[in-house]
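Undergrad: Quick check, what structure comes out for this input:
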Amino acid sequence: MSSDHRVPARSWRARLGGIRIRSALAAATVVAVAVAVAGAAMVLTAQLMLTGNIDSAATQRADQVVAAIRAGDPALLEQTLRPAPGDQTIVQVLNPAGDVVAASAVLAGKPPITAARPVVGAVRHEQLRLTPGSEDAFRAVTTAVATDDGVRTVVAAQSLRPVDESIEAVTRTILVGAPLLALVVGIAVFVFVGRSLRPVEAIRRRVAGITARDLTARVPVPAARDEVAALAETMNTMLERLQDSADAQNRFVADASHELRSPLTTLQVGLEVLAASGTAGATQVARLQAETERLSRLVADLLLLARTDEHGMAAARREDVDLDDIAYIHRDRLQHQHPDLRVSADVVPVRIRGDAHHLDRAVANLCDNAARHARSRIAITVRADATTAHLVVADDGPGIAPADRDRAFDRFVRLDSSRTRTDGGAGLGLAITRDIVHDHDGTVTAESSHLGGAALHIRLPMRTTTATAVVSPLDGSTCGS
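TA: Numbering: from 1, shown residues only. Purely as a prediction, here's the structure:
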């Protein structure tokens, strides 16, 4: 992780501040909108309720006047027209001609305040002003009552000023309180988000300070088991993978350097000897050729692994591949190259889909590994069941300890520390085999052999042809050697 890739601290602080501000603004906006909507609903409800109270009071006063008119008692009517303490209702009584025949003291000598003339028994509610241009609005209830002199109209009204004053007070409270409440909520959210982001800022600072030279640092994990703690744990897991990858890369470079140095040194010394002697001995030329071939194989293996790391070991094509044919080819090869070893092949015809070249390379690596460790015997077995093809290469060598069986497929691994770098391969063959098998959706494992050594077991999925055993017509045994 190079310092060139660090995110500027100012940029991150600006982003964190932006998150805090945006969160605070969002919370304040939500609160302001909610208070505005609730305030509007409250004002409307209060206005309807207060207006309804005025209508009820006016209706009750009108009913009292109607009752006094029906009683035909002028003294009772006059008493009814006088308001009780705290009663702000004003009343007018009109004759059939529309003239005022009785009224509250406030309306004495004034013309009718409404032109409404409801029928007997009907009630009309309206909003009016006592005089044109007046600022005071009144809520009026108009009804009619039949008398011996005709239909009398009764009008009872109350001023809406108390309602307006109450609504104005509530509105002012909402207009002042809503911004204050939104401000308080915004500040609280700003502070809370800032505190919540402190662990994130600590994680950022720690990650920004990690370089490729030291990947051992880890970010602090908050004590609270929340999303920030999960983020920190994920970051630490990622850093562990980066460290493992960097360590593997460093080991790869170091091992590759050592592996390349040995054949190059041999070539250099051999060339110096040839140059000094003036003649090329057959033994020296053969040795140089062997080292050149080993160097070529090593470079080819490194190139193959590098391509695998970058793109995966993608096969150029998938075709039907006979594992039994591959097993026989390498049995014959081992018998030719190692006449001191007894090599047997116990196989049945098994056909799978795959890359023939890569699968041949995988089996060749297992066979070469067995040849390097076997004392006297190597056994190649090919079998299959309904879903899986099995290819096993076993030897009677020292075997592989259970603790080393997974590590045996790592790159540049030599489990036998007594072997020198000029003995056998470079420790890449089993790693290449593992990558090839994995690319074919299979597995390869190291196990104990029935011969007493190691058994390297390839399992590949069956996709086309199932296994069949070829029976010898002479003795009924399965073909093999």
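
Undergrad: Show me what secondary structure element comes after the worst-scoring helix or strand of the chain on mean pLDDT.
TA: For the chain, scoring each helix and strand by mean pLDDT, DSSP states H and E identifies helix 282-311 as the least confident one, at a mean of 66. The helix or strand immediately downstream of helix 282-311 is strand 319-322, counting by DSSP states H and E.

Undergrad: State the mean pLDDT of whichever strand or helix holds Arg241.
TA: In the assignment (DSSP H and E), Arg241 maps to helix 227-277. Across helix 227-277, pLDDT averages out at 74.

Undergrad: Over to stretch 398-417?
TA: 77.

Undergrad: 48 is where my numbering starts, stick with that
TA: New numbering, starting at 48: the last item is stretch 445-464.

Undergrad: host element of the closest residue to Leu230 other than its chain neighbours?
TA: Nearest residue to Leu230 in three dimensions, chain neighbours excluded: Ala75, at 6.8 Å (Cβ to Cβ, 6 or more residues apart in numbering). C-beta: built from backbone N, CA, C; applies to glycine. Using DSSP H and E, Ala75 sits within helix 56-118.

Undergrad: what's the answer for Ser243, then?
TA: Here Ser243 is assigned to helix 208-255, by DSSP H and E.

Undergrad: go on, Val148?
TA: Using DSSP H and E, Val148 falls within strand 147-150.

Undergrad: Next secondary structure after that strand?
TA: Criterion used, DSSP H and E; the element after strand 147-150 is strand 170-175.

Undergrad: circling back: who's in contact with the residue nearest to Leu230?
TA: By Cβ atoms under 8 Å, 6 or more residues apart in numbering, Ala75 lies in contact with 229-230, 232-233, 236.

Undergrad: how about a cut-off of 6 Å?
TA: Ala75 makes contact with 229, 232-233 under the criterion Cβ atoms under 6 Å, 6 or more residues apart in numbering.

Undergrad: what about it, distance to Val236?
TA: Computed as Cβ to Cβ, to the nearest Å, the Ala75 to Val236 distance reads 8 Å.

Undergrad: And for Arg69?
TA: In terms of Cβ to Cβ, Arg69 sits 10 Å off from Val236.

Undergrad: In terms of neighbours, single out the busier of those two.
TA: More neighbours surround Val236 than the other of Arg69 and Val236, with 20 against 11 (other Cβ atoms under 10 Å).

Undergrad: Which pLDDT does the model give the more buried one?
TA: Looking at Val236, its pLDDT is 90.

Undergrad: Spatially, what comes nearest to it if we skip its sequence neighbours?
TA: If the residues on either side of it in the chain are set aside, Val236 comes closest to Ala74, at 4.1 Å by Cβ to Cβ, 6+ apart.

Undergrad: how many neighbours does that neighbour have?
TA: 19.

Undergrad: check contacts around it.
TA: Contacts of Ala74 by Cβ under 6 Å, 6+ apart are 232-233, 236.

Undergrad: mind checking how far it is from Val395?
TA: 73 Å.

Undergrad: Sticking with the closest residue to Val394 other than its chain neighbours, tell me its helix or strand.
TA: Nearest residue to Val394 in three dimensions, chain neighbours excluded: Val429, at 3.7 Å (Cβ to Cβ, 6+ apart). According to DSSP H and E, Val429 maps onto strand 424-431.

Undergrad: got the contact list for that strand?
TA: 370-371, 374, 378, 388-394, 397, 417, 437-443, 498, 514.

Undergrad: What's the PyMOL syntax to select whichever of those residues are buried?
TA: In PyMOL, a selection of the buried entries from those looks like this (16 or more other Cβ atoms under 10 Å):
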select buried, resi 370+371+374+378+388+390+391+392+393+394+397+417+437+438+439+440+441+442+443+498+514
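
Undergrad: Out of the contacts of strand 424-431, which sit inside strands?
TA: 389-394, 437-442 (DSSP state E).

Undergrad: Taking these together, which two end up most distant?
TA: Within the ones in strands among the contacts of strand 424-431, Arg389 and His437 form the most distant pair, 21.9 Å apart (Cβ to Cβ).

Undergrad: residue ranges with poor pLDDT in the stretch 348-497 of the chain?
TA: Within the stretch 348-497 of the chain, the ranges that satisfy pLDDT under 70 run 348-363, 458-474.

Undergrad: Let's see that with 50 instead.
TA: Within the stretch 348-497 of the chain, the stretches with pLDDT under 50 are 362, 464-471.

Undergrad: The next helix-or-strand element following the helix holding Ala75 packs against which elements?
TA: For helix 56-118, the following helix or strand on the C-terminal side (DSSP H and E) is helix 121-128. Contacts defined by 3 or more Cβ pairs under 6 Å, 6 or more residues apart in numbering; DSSP states H and E place helix 121-128 against helix 56-118.

Undergrad: swap the cut-off to 7 Å and go again
TA: Here helix 121-128 touches helix 56-118, strand 147-150, going by 3 or more Cβ pairs under 7 Å, 6 or more residues apart in numbering; DSSP states H and E.

Undergrad: partners of the last one in the sheet?
TA: In other words, strand 147-150. Here strand 147-150 is paired, per DSSP bridges, with strand 137-141 (antiparallel).

Undergrad: outside of the partner strand, which residues touch it?
TA: 108, 112, 128, 147-151, 153-154, 159-160, 199-204 (Cβ atoms under 7 Å, 6 or more residues apart in numbering).

Undergrad: which of the residues in it are buried?
TA: 137-141.

Undergrad: got the angle for that strand vs helix 56-118?
TA: Here the directions of strand 137-141 and helix 56-118 differ by 40 degrees (axes from the mean of the first three to the mean of the last three Cα atoms, to 10 degrees).

Undergrad: CA atoms only for strand 137-141, dumped as PDB, please.
TA: Extracted in PDB, the C-alpha atoms of strand 137-141 (Å, rounded to 0.1, in the frame of the first residue of the first chain):
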ATOM      1  CA  ILE A 137     -75.900  39.900  21.300                       C
ATOM      2  CA  VAL A 138     -79.500  39.500  20.200                       C
ATOM      3  CA  GLN A 139     -82.000  41.100  17.800                       C
ATOM      4  CA  VAL A 140     -85.700  40.200  17.300                       C
ATOM      5  CA  LEU A 141     -87.400  41.200  14.000                       C
END
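
Undergrad: What average pLDDT does it get?
TA: In this model, strand 137-141 has a mean pLDDT of 90.

Undergrad: That one relative to helix 121-128, how many degrees between them?
TA: 140 degrees.

Undergrad: Run the chain-centre distance for strand 137-141.
TA: 75 Å (Cα atoms, centre = their mean, to the nearest Å).

Undergrad: Over to stretch 370-383?
TA: That offset, for stretch 370-383, works out to 51 Å (Cα atoms, centre = their mean).

Undergrad: May I see the buried residues of that stretch?
TA: 370-375, 377-378, 381-382.

Undergrad: which one of those residues sits closest to Ala433?
TA: Leu370 (15.9 Å).

Undergrad: Find the nearest non-adjacent residue to that closest one, please.
TA: The shortest distance from Leu370 to any residue other than its chain neighbours is 4.5 Å, reached at Val397 (Cβ to Cβ, 6+ apart).

Undergrad: if we can go back for a sec, check which helices and strands the helix holding Ser243 sits against.
TA: helix 56-118, helix 274-324.
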